[in-house]
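Enquirer: got a predicted structure here, sequence first:
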Amino acid sequence: MHEDVALEAVTAVAIPPDDEHNERLLSHTHPSNWRNPEHQNPYNLVVIGAGTAGLVAAMGAAGLGARVALIEKHLMGGDCLNYGCVPSKGLIRAATARADVQEAGQYGVNVSGDAEADFGAVMARMRRLRADISKNDSVQRFTDAGVDVFLGTGKFTGPRSIEVDGKTLRFAKAVIATGARAAVPPIPGIEEVGYYTNETIFGTIERPPRVGVIGGGPIGCELAQTFQRLGSQVTLFDIIDHILIKEDTDAAAIVHRALLRDGVRTALGVQLQGVACQGDGKVLTYTDADGHTATTVVDAILVAAGRAPNVQGMGLEEAGVVYDPRTGVQVDDRLRTTNPNIYAAGDICSRYQFTHAADFLARTVIANALFKGRQKASALTIPWCTYTEPQIAHVGLTLHQAATDGIAVDTFTQPLDEVDRAILDGATEGFARVHVKKGTDKILGATII
């Protein structure tokens, strides 16, 4: 309960566009009338960042009877709810629906006319569903669960204290879960011309006719295909000569062919030299491996070229926490930082930047920080999926990793064009693959596309 009316309301935030759906989202994730509670020092656990890792750590610890404070400077739910999993999958579903209609003829289903995508309606549907889902990550839900929620910027003032909204919170243990943001490559002119990242692209309400996507990783490929299917002409750029470098090369090649069939243009193995305005357009200039220069004109640029950890402005030096601006907070295998009373979880410290990875890293922190557990992050086996069409699912070692680590493997691959169900579905370009330790049946990795 927050009965002290003298407390000041938190600073309001805004999300474009200003509509009923985003208003409802904000009412859950950063309510303008929220007043931070009086602190209840000392806390068993203070959590900085209310993305997936922070939410799981706070809710899990409170459920076990701990006194917990949760600090969030922007939106509860973090990337997954606001800028990642939820909005992207909303758009992917709409884009898939249009593609299904366009391709229905191969199944004997005739659809007259073109399947037009109403971009404004697609985006409104996404915002409506995101607002519906946001109740799960709301300030009210966590407050009802016994968590003291502080909206504001948290900054460590010592090895066991942190300040937020003029209040100093003291803690036995703390968790840094501030996540990561889009990394913007130093391309001349890009700041002046302007660009989108995953944090801003979902606020658009009008479809850009031509889109340049910088980055051939999962985010870049998913959104390149999605915007192409929704009616934009997309060009995908990457300095590497193929997409999805963490996947088996033949699996990535299948996705590449699918993008090309959808109409996505690709410029791979190129170096972007600069960006400049030309009328209403933006001109990207690039050179290929042979030194040839070319240009592409787009209306919007989406940067999806990796992630940078959110380590600035938290007073990590005062807390005795060592970090690197490129790789994040330094942790050991039990997720302890260089301050033994402060842990980290999620994108701020892990190379596995997935929602489900953040979830289970937070569970590891709870066991180790509150119950003197000895659980190791390295014991987790992290699967992942890229939601292009076709999708790629992977877990464990790839062939490249096995070769790099000097691990001998036997590989078994089942092409889908030999599987009856895949033939009947018209989805034969893919495979299921399993790597086992050579001469044994111990599974080391698997890929399905």
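Expert: Cool, the structure landed. Residues are numbered from 1 along each chain as shown.
Enquirer: is it true that Glu318 touches Thr157?
Expert: Yes. Using Cβ atoms under 8 Å, Glu318 and Thr157 qualify as a contacting pair, with a distance of 5.9 Å. C-beta coordinates here come from the backbone N, C-alpha and C atoms, glycine included.
Enquirer: okay, Val46 and Ala57: tell me how far apart.
Expert: 10 Å (Cβ to Cβ, to the nearest Å).
Enquirer: what touches both of those two?
Expert: When contacts are counted by Cβ atoms under 8 Å, 6 or more residues apart in numbering, Val46 and Ala57 have Val175 as shared neighbours.
Enquirer: ok, Trp384 to Ile423 distance?
Expert: From Trp384 to Ile423 the distance is 27 Å (Cβ to Cβ).
Enquirer: these two: which has the busier surroundings?
Expert: Neighbours per residue (other Cβ atoms under 10 Å) separate Trp384 from Ile423, with Trp384 holding more: 16 against 12.
Enquirer: surely the more buried one is in contact with Phe354?
Expert: Yes. The pair Trp384 and Phe354 qualifies as a contact (Cβ under 8 Å) at a distance of 5.6 Å.
Enquirer: can you give me the helices in the stretch 301-449 of the chain?
Expert: In chain order, the stretch 301-449 of the chain shows helices spanning 316-319, 355-371, 399-404, 420-425, with DSSP state H, counting those that start in this stretch as the criterion.
Enquirer: return the most buried member of the ones you listed.
Expert: The densest packing among the helices of the stretch 301-449 of the chain, expressed as mean neighbour count by mean count of other Cβ atoms under 10 Å, is seen in helix 355-371 with a mean of 22.
Enquirer: can you give me how far that helix is from the chain middle?
Expert: Centroid separation between helix 355-371 and its chain, computed with Cα atoms, centre = their mean, to the nearest Å, is 18 Å.
Enquirer: got it, and stretch 280-296?
Expert: Between the mean C-alpha position of stretch 280-296 and that of its chain there is a distance of 28 Å (Cα atoms, centre = their mean).
Enquirer: Three-state assignment for Leu91, please.
Expert: Assigned state for Leu91: helix (three-state reduction, DSSP: H, G, I helix; E, B strand; the rest coil).
Enquirer: identify the residue nearest it in space, chain neighbours excluded?
Expert: Counting by Cβ to Cβ, 6 or more residues apart in numbering, Thr226 is the residue found nearest to Leu91 once chain neighbours are left out, at 5.1 Å.
Enquirer: do the same with Val122
Expert: Ala94 (4.4 Å).
Enquirer: what does that neighbour show for phi and psi?
Expert: For Ala94, the backbone dihedrals are phi -60, psi -40 (criterion: degrees, to the nearest 10).
Enquirer: shouldn't it be in contact with Arg125?
Expert: Yes. Contact status for Ala94 versus Arg125: in contact at 6.8 Å, counting by Cβ under 8 Å.
Enquirer: neighbour count winner among the two?
Expert: Just comparing Ala94 and Arg125: by other Cβ under 10 Å the higher neighbour count belongs to Ala94, 21 against 16.
Enquirer: which pLDDT does the model give the more buried one?
Expert: According to the per-residue confidence, Ala94 scores 98 in pLDDT.
Enquirer: mind checking how far it is from Val311?
Expert: 36 Å.
Enquirer: with Gly274 instead?
Expert: 29 Å.
Enquirer: likewise Ile254?
Expert: As for Ile254, its distance to Val311 is 37 Å (criterion: Cβ to Cβ).
Enquirer: higher neighbour count, those two?
Expert: When Ile254 is set against Val311 and neighbours are counted by other Cβ under 10 Å, the residue ahead is Val311, at 21 against 18.
Enquirer: residue contacts, that one?
Expert: Shown in contact with Val311 (Cβ under 8 Å, 6+ apart): Thr178, Tyr323, Asp324, Pro325, Gly328, Val329, Ile348.
Enquirer: how about the longest strand anywhere in the chain: buried residues?
Expert: Among all segments of the chain classified by DSSP state E, the strand with the greatest residue count is strand 167-176. Going by neighbour count (16 or more other Cβ atoms under 10 Å), the buried part of strand 167-176 is Leu169, Phe171, Lys173, Ala174, Val175, Ile176.
Enquirer: Provide a list of residues in contact with the closest residue to Arg336 other than its chain neighbours.
Expert: Among residues not flanking Arg336 along the chain, Tyr343 sits closest, at 5.6 Å (Cβ to Cβ, 6+ apart). The contact partners of Tyr343, taken as Cβ under 8 Å, 6+ apart, are Lys173, Ala174, Val175, Ile176, Val331, Leu335, Arg336, Thr337, Val365, Asn368, Ala369.
Enquirer: could you dump those residues to TSV with pLDDT?
Expert: Putting the contacts of Tyr343 into TSV (pLDDT from 0 to 100) gives the following:
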residue	pLDDT
Lys173	98
Ala174	98
Val175	98
Ile176	98
Val331	98
Leu335	98
Arg336	98
Thr337	98
Val365	98
Asn368	97
Ala369	96
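Enquirer: of those residues, closest to Asp359?
Expert: Val365 (11.0 Å; Cβ to Cβ).
Enquirer: thought Val47 was touching the closest one, still the case?
Expert: No. Contact criterion Cβ under 8 Å: Val365 and Val47 do not qualify, at 9.2 Å.
Enquirer: intersection of neighbour lists for the two?
Expert: Shared contacts of Val365 and Val47, defined by Cβ under 8 Å, 6+ apart, are found at Ala57, Val175.
Enquirer: chain neighbours aside, what residue packs nearest to the residue nearest the centre of the chain?
Expert: Among the residues of the chain, the smallest C-alpha distance to the mean C-alpha position (Cα atoms, centre = their mean) belongs to Gly84, namely 4.7 Å. Leaving out its chain neighbours, the residue that sits closest to Gly84 by Cβ to Cβ, 6+ apart is Asn198, at 6.2 Å.
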